[in-house]
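> output the structure for:
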Amino acid sequence: MADIKPSAPEKEAPKVQDAPAEVGDLLARAQEKAPSLNAEFVKKHGLSDETLEKLARGELSPPPTIGPVHTADLHYVNGGWQLTPVGVKPEDVGKGAISR
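Residues are numbered from 1 along each chain as shown. The predicted structure is shown next:
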């Protein structure tokens, strides 16, 4: 009979560290899911590291691409994206409606 040698112990998979990722790395990971995202966009919309992390994991839908002609404003509110007419705040949408 042949001698059966014990197999080498399997290497453990590297553990994910709970330490926060660098902002550049976090932005790069978020850009994989949302290619139109850039540092200027993040700053303009005040996106937190937590929001970028949700984008990177796919828990949050990527922001819509508005296009080259600025016809609407994009806002990040309550965990989602809202388009409003140019110059209108999300909380003011519908206030100018005419009722009978």
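
> am I right that residue 32 sits in a helix?
Yes - under DSSP: H, G, I helix; E, B strand; the rest coil, residue 32 sits within a helix.

> residues contacting it?
Counting by Cβ atoms under 8 Å, 6 or more residues apart in numbering, residue 32 makes contact with residue 56. Glycine gets a C-beta too; all of them are placed from N, C-alpha and C.

> what does the pLDDT read for it?
pLDDT, residue 32: 92.

> and the residue nearest the centre of the chain, its phi and psi?
By Cα atoms, centre = their mean, the chain has its centre lying nearest to residue 55, at 2.5 Å. Backbone geometry at residue 55, expressed as degrees, to the nearest 10, gives phi -60, psi -40.

> any idea how far residue 69 is from it?
25 Å (Cβ to Cβ, to the nearest Å).

> and the strand or helix carrying residue 26, how far out from the chain's middle?
Take DSSP states H and E as the rule and residue 26 turns out to sit in helix 23-33. Counting by Cα atoms, centre = their mean, to the nearest Å, helix 23-33 is centred 8 Å from the centre of its parent chain.

> same check on stretch 92-100?
With Cα atoms, centre = their mean, you get 32 Å for stretch 92-100.

> can you list contacts of stretch 90-100?
75, 77, 82, 84.

> actually stretch 56-75, sorry about that
26, 29-30, 32-37, 41, 45, 51, 54-55, 76, 79-90.

> just the buried subset of those, please.
Buried residues within these, defined by neighbour count using 16 or more other Cβ atoms under 10 Å: 26, 30, 33, 34, 37, 51, 54, 55, 76, 84, 88.

> could you dump those residues into TSV with distance to residue 61 added?
Shown next, in TSV, are the buried ones among the contacts of stretch 56-75 (distance: Cβ to Cβ, whole Å):
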residue	distance to residue 61
26	18
30	12
33	9
34	9
37	12
51	12
54	10
55	8
76	11
84	17
88	22
